[in-house]
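Trainee: okay, here's the prediction I keep looking at, along with the sequence it came from:
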Amino acid sequence: MKKALTLILSALIAASLAACGAGPDGPSGAAGTRAVTDSLGRTVEVPCEVGSIVALGNAPRMAVYLGLGDMVAGYSGLGGGDVTPLTAYAYVTKEDWADKSVVGTDSMGNTSYNSEAIILTGADVIFCTATADVADRLQRETGIACVALSQGTLFGEDFERSLSIMAEVCGAGERAEEISGFVDGCFEELSALTAGIPEAERHTALPAAATFRGTHGIEGIRVNDPVMDSVNALNPADGGTGEDKDSYTVDKEQILAWDPEYIFLDSGGVGLVRQDYAAHPDYYAQLDAVKNGRVYQYPSSTSYYDNMEISLANCYYAGSMLYPERFADVDFEAKAAEIFGFFLGESGYLDVLEGYGAGYGTVDLSDE
């Protein structure tokens, strides 16, 4: 992954330097501009020097990860008063961004951006994670270069590509490579810690109470979950339902049939699971994970798109619970501090999550 990002960035930077050094009008006749190719394959003329940006969709999170928070002049999403610690990038910037313009919304698929408000920010470039028609309209209505990025699959190449494009436009290539190297290093460590586990000793673990289009009780599950995959856990939901979604609801009887050894609950759904337990204690009494005290909570990671730092910390927590002997030398709190410090600049963010009731720990469903 890191090597691929390095090659992408090198090619992009070389092309940009060539364009900005091609003469006063550049190769396309626009003074002081250079051409970039965005995630949708659109060619966009952007300024050679970018001082401020508008970030829409998932682009604000990318800007924070890249250390470009001070460059954001306007953004879409939740205002500071509506932000919770589960939307980590927005929570850590809510004071710094308090005076910045909220120029639209894209929550729950409702994309609505205010072109006049975007113009008033005086931004040099707009970044969006929208369709080509939306990006073209914004560029046409504002007269500001609009670069489209992929919303990004969690830990996926499309997210990495989007980071590299934003980094190239804003001069943050070194930081983009650091992000790629950090994520690769974590997954290599997780893989090494859980490598070679005999099939008979691999534990079944179900990610449940998943957060997608709102909160869910135990019936909300994830398949092909990168958290479980990262620690070589056996997710009983993988490949057995015919669903092509990564999160969906199942009949609770199906969970009984799977009877996983471990259950991990999104913090946002724990309250719903407790309510259901109070109404149907006999159902939960049949689950092996409940009988053996192997139900755990970790922070919901999908608040306003995927929060990479929370998901990465969740990987280490899941591994520590599933295979404590293999993670004996991993100090989870120290690792979480490293992850949150790297992405958010807040090494104490674990305490923030704990204070919000979205921390890590064993869940006793009978304890209200």
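Mentor: Arrived safely.
Trainee: residue 123 reaches residue 52, doesn't it?
Mentor: Yes: if you go by C-beta atoms under 8 Å, residue 123 and residue 52 touch, sitting 4.8 Å apart. (Each C-beta comes from the backbone N, C-alpha and C, glycine too.)
Trainee: so between those two, which is more surrounded?
Mentor: Between residue 123 and residue 52, counting by other C-beta atoms under 10 Å, residue 123 is the more crowded of the two (24 against 16).
Trainee: can you pull the contacts of that one?
Mentor: Residue 123 makes contact with 52, 53, 54, 73, 74, 144, according to C-beta atoms under 8 Å, 6 or more residues apart in numbering.
Trainee: relative to residue 33, which of the residues you listed is nearest.
Mentor: Each of those was scored against residue 33 by C-beta to C-beta, and residue 144 proved nearest at 12.1 Å.
Trainee: so the closest one makes contact with residue 53?
Mentor: No: if you go by C-beta under 8 Å, residue 144 and residue 53 don't touch, sitting 9.5 Å apart.
Trainee: more neighbours: those two, which one.
Mentor: Between residue 144 and residue 53, counted using other C-beta under 10 Å, residue 53 has the larger neighbour count: 27 against 20.
Trainee: need the residues touching each of residue 144 and residue 53.
Mentor: Counting by C-beta under 8 Å, 6+ apart, the residues touching both residue 144 and residue 53 are 123, 124, 125, 126.
Trainee: I'd like the secondary structure assignment at the last one, please.
Mentor: Looking back up the chat, that one is residue 126. strand (DSSP: H, G, I helix; E, B strand; the rest coil).
Trainee: can you tell me which residues contact it?
Mentor: So residue 126 contacts 53, 54, 56, 118, 138, 139, 142, 144, 145, 146, 147 (C-beta under 8 Å, 6+ apart).
Trainee: related to what we said a few turns ago, who touches both of residue 123 and residue 52?
Mentor: residue 73.
Trainee: tell me the secondary structure for the residue nearest to residue 183 when sequence neighbours are not counted?
Mentor: Closest residue to residue 183 apart from its sequence neighbours, by C-beta to C-beta, 6 or more residues apart in numbering: residue 155 at 6.4 Å. The assignment at residue 155 comes out as coil when based on three-state DSSP.
Trainee: looking at the protein, which helix or strand is least sure?
Mentor: Sorting the helices and strands of the chain by mean pLDDT, DSSP states H and E puts helix 2-20 at the bottom, at a mean of 51.
Trainee: neighbouring contacts of the host helix or strand of residue 186?
Mentor: Taking DSSP states H and E as the criterion, residue 186 maps to helix 173-194. With contacts defined as C-beta under 8 Å, 6+ apart, helix 173-194 is touched by 1-2, 5-6, 9, 13, 65-67, 155, 160, 163-164, 166-167, 230-232, 308, 312, 315-316, 319, 323, 326-327, 330, 339, 342-343.
Trainee: what residues sit buried inside that helix?
Mentor: By neighbour count on 16 or more other C-beta atoms under 10 Å, the buried set for helix 173-194 is 173, 175-180, 182-184, 186-187, 189-190, 193-194.
Trainee: please apply the same query to stretch 338-358.
Mentor: 338-340, 342-344, 346, 349-353, 358.
Trainee: what's the answer for stretch 322-342, then?
Mentor: So, applying 16+ other C-beta under 10 Å, buried residues of stretch 322-342: 322, 323, 326, 327, 332, 335, 336, 337, 338, 339, 340, 342.
Trainee: now do stretch 76-85
Mentor: Buried residues in stretch 76-85 (16+ other C-beta under 10 Å): 76, 77, 78, 80, 83, 84, 85.
Trainee: and for stretch 143-157?
Mentor: Buried residues in stretch 143-157 (16+ other C-beta under 10 Å): 144, 145, 146, 147, 148, 149, 150, 151, 152, 154, 155.
Trainee: so can I have CSV of these showing secondary structure?
Mentor: Shown next, in CSV, are those (three-state DSSP):
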residue, secondary structure
144, coil
145, strand
146, strand
147, strand
148, strand
149, coil
150, coil
151, coil
152, coil
154, coil
155, coil
